[in-house]
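> predicted model, plus sequence, below.
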Amino acid sequence: METSSAGSDPTSNPASRDGVQDRRRLLRRPSTVNNKLVRAFFLVVLIGTGWLFVKLFLPYLTAIILAVVLASVFRPLYSWLQARFRGSKTVAAAVTSFLVVLIVVLPLVGFLGLLAKEAADFAGTLSETVSVDDVNEIIAGEGIAGDFYGWLAENYGVEVDPVQVRESFLTAAKNAGTTIASSGSAIASGIFGAIVQFLLMIFTLYYLLRDGDALVVYLMDLSPLPDAQEKQVMRRFRDVGGAVFYGNIVSSVLQGIFGGLGFLIFGLPGAFLWGSVMGILALIPLLGTLIVYIPATIILMVQGRWGIAIGFLVFNIVASNVLDNWLKPKLIEKRLRAHPLLVFFSIIGGLSAFGMLGLLYGPIIMTIFLALIEIYKRDFRDPQLSSAAEVSFVEGTSDDRYLG
């Protein structure tokens, strides 16, 4: 009985027991079809939750990107402070973030205060210079305005109807009042939104400084690219952050300073006000400070102050050309190692696609794309197909050996 019982139990035989375990493993193992189904299901769930995850961050994307750029720019300061605070990441990150707040907020508050005072002074000067009688003369076509209307009619055949001028003044005043009244809530909402974005940026900056190294390692582990390629992309991103920060900000500040000096030297009112406006407009390619100094020059010419007008115009042309065509390329193009044409279109394309933030987004997109192109040329394409001409164009150097 014992022998037959032992013989009837397949698990009593080692060979039979191994066979049963193999069959159980086969039953538990998914088939090829099931394996593909599981992967497809996982991919769909991953993409769906990933899309929702990204959607959570989209309203705050600007604050996050600015925090990343600032973390890259102020990383040396953070490292220096960390060494001074005995390796404490928390204290160094907190102090660095606080210093960034001081660097941004204190000059901004002072700037806005001076700008408001300058605007009030300029309005007072304008009201003293242009009286109600002067405005009435312009509307009625009398005095200097009448002479100007006659000059237009005599030389260019342009007839100006004082009645239409009066109606235009009234319509413009009415529209201005309506616009100011209707945009008050929008302005308040915009200011509140900007404050919230700034606080989120500082909050994000603190954690990027403190835990940025761990985040970089985590992202590199997720990426299938080799470490050398990942480091190249991150290095270029760090370069573009510094280039955009130093290049555009320093250049625009200098444009504002020289613009204000131009108003001050030639005795024009509102030097700080218009210098500040020129500094902001200097961020816009092509037009920039032209929007201010060309109309100012025309006004001086209409007033008959030809010498001051020509001197003012020449001063601003020289200053803007030196800063735009010499200083800014030195600050941006060499850091980006990109051709000036690519830098130019990345800036104006970024402005067109993303607004003022395109000044940052455009160069970042261009730089990352060029870094990927370099990786492709080095690691995925036959090295014999590369030429010095390609490198010289992308990096903005001169190489005309292939032009014959």
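Nice, I can see it.

> please name the nearest non-neighbouring residue to residue 99.
The shortest distance from residue 99 to any non-neighbouring residue, by CB to CB, 6 or more residues apart in numbering, is to residue 77 (7.2 Å). Glycine gets a C-beta too; all of them are placed from N, C-alpha and C.

> just checking, what packs against the helix or strand that neighbour falls within?
Using DSSP states H and E, residue 77 sits in helix 75-84. Counting contacts by 3 or more CB pairs under 8 Å, 6 or more residues apart in numbering; DSSP states H and E, helix 75-84 is packed against helix 89-129, helix 162-222.

> just to revisit the earlier point, ok, so what distance separates the residue nearest to residue 99 from residue 97?
Separation of residue 77 from residue 97 (CB to CB, to the nearest Å): 11 Å.

> same question for residue 343.
Where residue 97 is concerned, residue 343 sits at a distance of 30 Å (CB to CB).

> how about low-confidence regions in the stretch 101-250 of the chain?
Along the stretch 101-250 of the chain, the model assigns pLDDT under 70 to residues 107, 109-154, 156-170, 172-188, 241-242.

> my guess is residue 308 meets residue 266, correct?
Yes: with contact defined as CB atoms under 8 Å, residue 308 counts as touching residue 266 (5.2 Å).

> which residue packs closest to residue 104, ignoring adjacent ones?
residue 198 (7.7 Å).

> tally of neighbours for that neighbour?
Residues lying near residue 198 (other CB atoms under 10 Å) number 16.

> how close does it sit to residue 280?
From residue 198 to residue 280 the distance is 18 Å (CB to CB).

> same check, this time on residue 77
26 Å.

> neighbours of residue 280, how many?
15.

> that one - nearest residue in space that isn't next to it in sequence?
Here the residue nearest residue 280, using CB to CB, 6+ apart, is residue 252, at 7.1 Å.

> hmm, that neighbour is touching residue 279, no?
Yes: the pair residue 252 / residue 279 is scored as a contact, 5.1 Å apart, by CB under 8 Å.

> one step back: neighbour count: residue 343 and residue 97, which is higher?
residue 97 (25 against 22).

> let me see the contact set for the more buried one.
202, 205, 206, 209 (CB atoms under 8 Å, 6 or more residues apart in numbering).

> among those residues, which one sits closest to residue 328?
residue 205 (25.9 Å; CB to CB).

> check contacts around that closest one.
Neighbours of residue 205 in contact, by CB under 8 Å, 6+ apart: 67, 70, 71, 74, 96, 97, 100.

> not counting sequence-adjacent ones, nearest residue to the second one?
Nearest non-adjacent residue to residue 70, counting by CB to CB, 6+ apart: residue 205, 5.4 Å away.

> residue 197 versus the one you found, what's the distance?
From residue 205 to residue 197 the distance is 12 Å (CB to CB).

> cool, and residue 208?
16 Å.

> what about these two, which has more around it?
Higher neighbour count among residue 208 and residue 197: residue 208, with 23 against 16, using other CB under 10 Å.

> which residue is the nearest non-sequential neighbour of that one?
Nearest to residue 208 is residue 71, by CB to CB, 6+ apart, at 4.1 Å.

> hang on, isn't that neighbour packed against residue 209?
Yes: between residue 71 and residue 209 a contact is recorded at 5.5 Å, counting by CB under 8 Å.

> the two: which has the busier surroundings?
Each of residue 71 and residue 209 has its neighbours counted (other CB under 10 Å); residue 209 has more, 28 against 25.

> for the more buried one, give me its contacts.
Residue 209 touches 71, 74, 75, 78, 89, 92, 93, 96, 97, counting by CB under 8 Å, 6+ apart.

> need those in a markdown table (columns: pLDDT and distance to residue 47).
Below are these laid out as a markdown table (pLDDT from 0 to 100; distance: CB to CB, whole Å):
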| residue | pLDDT | distance to residue 47 |
| --- | --- | --- |
| 71 | 88 | 29 |
| 74 | 88 | 35 |
| 75 | 88 | 33 |
| 78 | 92 | 36 |
| 89 | 90 | 35 |
| 92 | 92 | 38 |
| 93 | 92 | 34 |
| 96 | 92 | 37 |
| 97 | 92 | 35 |
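
> out of those, what pair is the most spread apart?
Among the contacts of residue 209, the pair separated by the greatest distance (CB to CB) is 74 and 89, which sit 14.0 Å apart.

> so for those two, which sits in the more crowded spot?
residue 74 (20 against 16).

> give me the distance between the nearest residue to the more buried one once chain neighbours are set aside and residue 43.
Distance criterion CB to CB, 6+ apart; nearest residue to residue 74, sequence neighbours excluded, is residue 96 at 5.7 Å. Between residue 96 and residue 43 the computed distance is 40 Å (CB to CB).

> looking at the two, which is more packed in?
residue 96 (24 against 10).

> looks like the more buried one contacts residue 76 (just checking).
No: using CB under 8 Å as the test, residue 96 is too far from residue 76 to be in contact (10.1 Å).

> for the helix or strand hosting residue 53, what is the average pLDDT?
Following DSSP H and E, one finds residue 53 within helix 32-57. Across helix 32-57, the average pLDDT comes to 86.

> which element follows it toward the C-terminus?
Criterion used, DSSP H and E; the element after helix 32-57 is helix 61-73.

> so what secondary structure elements neighbour that next one?
Using 3+ CB pairs under 8 Å, 6+ apart, helix 61-73 sits against helix 162-222, helix 227-244, helix 358-375.
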